[in-house]
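1. how would this look folded up:
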Amino acid sequence: TTTTGQLSQGLRGDADCNDKLDLADAIFLARSFSGDYNLSAQGKVNADVDGNGSLTSQDLHLILAALLGKIKL
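-> So this is what the prediction gives:
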């Protein structure tokens, strides 16, 4: 097995890296936008739900939609 040094996405949306998708993930992502919370490198990869390489309000929207049962991540 070889690694490229890049992190692979764990559980999509799991910003706090606790292996579950819950409201805390949305809160931590929202707090990271204001600089009030620093996501880990793995948390950033997990929180990039739309896969565009950056964390945006769209990622937060998708996490919230998943929590409401509107979509499956």
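2. and R31, how far is that from G69?
-> Counting by Cβ to Cβ, to the nearest Å, the separation of R31 from G69 is 24 Å. Quick note: C-beta positions are derived from backbone N, CA and C, even for glycine.
3. cool, and S57?
-> 20 Å.
4. kindly report the same for N52.
-> With distances taken as Cβ to Cβ, N52 is found 24 Å from G69.
5. cool, L23 as well?
-> Computed as Cβ to Cβ, the L23 to G69 distance reads 13 Å.
6. try H61
-> Counting by Cβ to Cβ, the gap from H61 to G69 is 14 Å.
7. who has more neighbours out of those two?
-> Between H61 and G69, counting by other Cβ atoms under 10 Å, H61 is the more crowded of the two (14 against 7).
8. which residues of the protein fall in helices?
-> Assigned by DSSP state H, the helices in the chain fall at 23-33, 41-47, 57-67.
9. most packed of the ones you listed?
-> Ranked by mean neighbour count, these are led by helix 41-47 with a mean of 20 (mean count of other Cβ atoms under 10 Å).
10. check which helices and strands that one sits against.
-> In terms of contacts (3 or more Cβ pairs under 8 Å, 6 or more residues apart in numbering; DSSP states H and E), helix 41-47 is packed against helix 23-33.
11. need the contact partners of the helix it packs on.
-> With contacts defined as Cβ atoms under 8 Å, 6 or more residues apart in numbering, helix 23-33 is touched by 13-16, 18, 37-39, 43, 47, 55, 57, 59-60, 63-64, 67.
12. do the same with stretch 60-73
-> Stretch 60-73 is contacted by residues 12-13, 15, 21-23, 25-26, 29-30, 33, 47, 49-50 when judged by Cβ under 8 Å, 6+ apart.
13. report the contact partners of S8.
-> With contact set as Cβ under 8 Å, 6+ apart, S8 has these partners: V45.
14. centre-most residue in this protein?
-> Most central in the chain under Cα atoms, centre = their mean is A47, positioned 1.3 Å from the mean C-alpha point.
15. thinking again about what came up before, just put the helices of the chain in TSV and tack on mean pLDDT and distance to L7.
-> Listed next are those as TSV, based on pLDDT from 0 to 100; distance: least, Cβ to Cβ, whole Å:
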stretch	mean pLDDT	distance to L7
helix 23-33	98	16
helix 41-47	97	5
helix 57-67	98	16
